[in-house]
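S.K.: Mind looking at a prediction? Sequence and model below.
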Amino acid sequence: MKIVMVAGGTGGHIYPALQLAKALEKDNDIVFFGNESRLESTLVPEAGFDFRPIETIAFSGGLLRRINSVILLYDAYKEMIRQLKIIKPDIVIGFGNYVSVPVVMAAVKLKIKTMIHEQNRLVGSANKFLSKRVDCVVCSFKENLRVFPKDKTVFLGNPRSSAFRGVKVKRDILVKYGLQANQTTILICMGSLGSLTVNKFMIEALKRLAETSIQVIYVTGREYYEEFRARFEETERIKLVDFVDMVELLPNVDLLIARAGATTIAEISALGVASILIPSPYVPNDHQYHNAKDLVDKNAAVLMAEEDLEVDDFIESLEKLLKDSTQLKVLANNAKKLGNLKACDDIIKQINRVVNDGS
């Protein structure tokens, strides 16, 4: 089967697409499309997949930018009609973001089977637009079923969850980071790029945590690593890294403090990890807050607003939660109820239904 995928903008769109592509690559030919200047242009080729760039920009900002966005989207749409006629895919799968619109719409025009995947609880505008035109919608939150057309929408979860299938606890991995395998350990990670605002707050917070018996692995983000190290010196129990392999490390920590992007939510629910979520207030439509709220409403995570962060309250809340082993287990168990380790398998079955049965 020939499959065209389009994913772009942020890791929240790209990582699920790559996870599904890895599950499909053995028996299928896969081609990715995305923006040449965004994260996908690096991550997709690094993962070993054929990446082909198109030029689009978001429909936002001032009037001239919006006009330029429409022009670029239409040009990309015409180019995709030409490209899809050559590739002749059996199905085109979009993972949200504006870059998916011209690719999926070209497939609709050519009567190629189409599917879109929504990773967030709050549905993105691109997927909301495309959902009325595609053959199938796959969503990651049950609440999405209220938004998308009922006759074509299925709740199967986020493909990223499948990365943790078969993963086992190996606390000795903490030794690799210079920590003790049997000590209470927190992982703090504000996404793959890190957060400048949270980094500033964490300088003082980590100094306070260094006075406790808690072990911390703090992920600064690659862009901020050297600057952070210049302002905070590692201790015996506080270790700094620029990036971390979540599949390797996440099963072996007692608590995760993180943003609430779609990938993070999928990872938390796949493993069943107790977490404190600090949604980014800088993302479109505050969608990370809605992702976090979904877990909080189910007593599967604790929510902290970035604007309310204060060192004394943060440390007090953290120590209180870590001392409450019952609550940690409740958060972890409730989170695990929301995950689907077989998400990739289930989505692949749905792809085959769409291509072969037209349903």
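M.R.: Good, I have the coordinates. Computed from a prediction, not measured in an experiment: that's the story for all the values here. Numbering: from 1, shown residues only.
S.K.: pLDDT below threshold where in the stretch 151-300 of the chain?
M.R.: Across the stretch 151-300 of the chain, not a single residue meets the criterion (pLDDT under 70).
S.K.: can you do 80?
M.R.: 192-193 (pLDDT under 80).
S.K.: what sits against Val247?
M.R.: 163-164, 167 (CB atoms under 8 Å, 6 or more residues apart in numbering). For every residue, glycine as well, the C-beta is placed using N, CA and C.
S.K.: Filter the residues you listed down to the buried ones.
M.R.: With burial judged by 16 or more other CB atoms under 10 Å, the buried subset of those is 163-164.
S.K.: Tell me the one of the contacts of Val247 nearest Val354?
M.R.: Using CB to CB, Ala163 comes nearest to Val354 of those, at 23.6 Å.
S.K.: Now do the same for the closest one: helix, strand or coil?
M.R.: State at Ala163, reduced to three classes by DSSP: H, G, I helix; E, B strand; the rest coil: helix.
S.K.: Using JSON lines, please lay out the contacts of Val247 together with distance to Gln350.
M.R.: As requested, the contacts of Val247 are exported to JSON lines (distance: CB to CB, whole Å):
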{"residue": "Ala163", "distance to Gln350": "19"}
{"residue": "Phe164", "distance to Gln350": "21"}
{"residue": "Val167", "distance to Gln350": "24"}
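S.K.: Just give me the closest of the contacts of Val247 to Phe243.
M.R.: Taking those together and measuring to Phe243 by CB to CB, the closest member is Ala163, at 15.8 Å.
S.K.: For Arg160, list the residues it contacts.
M.R.: Per CB under 8 Å, 6+ apart, neighbours of Arg160: 15-16, 19, 262-263, 266-267, 270, 343.
S.K.: What about Ile67, how many residues nearby?
M.R.: 11 (other CB atoms under 10 Å).
S.K.: do the one 3 residues further on as well
M.R.: The local packing of Val70 (other CB under 10 Å) involves 12 other residues.
S.K.: what about it, distance to Ile217?
M.R.: Using CB to CB, to the nearest Å, Val70 is found at 45 Å from Ile217.
S.K.: Might one say that Phe243 is in contact with Ile217?
M.R.: No - taking contacts as CB atoms under 8 Å, Phe243 lies outside contact range of Ile217: 11.4 Å.
S.K.: quick one: which of these two has more around it?
M.R.: Ile217 (22 against 14).
S.K.: Mind listing what's buried along the longest helix that the chain contains?
M.R.: For the chain, the helix that runs over the most residues, judged by DSSP state H, is helix 63-87. The neighbour-count check on helix 63-87 (16+ other CB under 10 Å) flags 69, 72-73, 76-77, 79-80, 83-84, 87 as buried.
S.K.: Beyond it, next helix or strand please.
M.R.: strand 91-94 (DSSP states H and E).
S.K.: who touches Arg259 in this structure?
M.R.: 189-191, 195, 277-280, 288.
S.K.: from those residues, which ones fall inside helices?
M.R.: Counting by DSSP H, the contacts of Arg259 contribute Gln288 to helices.
S.K.: Which member of the contacts of Arg259 is positioned nearest Ala126?
M.R.: For the contacts of Arg259, the nearest to Ala126 is Gln288 (17.3 Å; CB to CB).
S.K.: and whichever strand or helix holds Ala332, what other elements does it pack with?
M.R.: For Ala332, the enclosing helix or strand under DSSP H and E is helix 325-336. Applying 3 or more CB pairs under 8 Å, 6 or more residues apart in numbering; DSSP states H and E, we find helix 325-336 packed against helix 262-271, helix 311-323.
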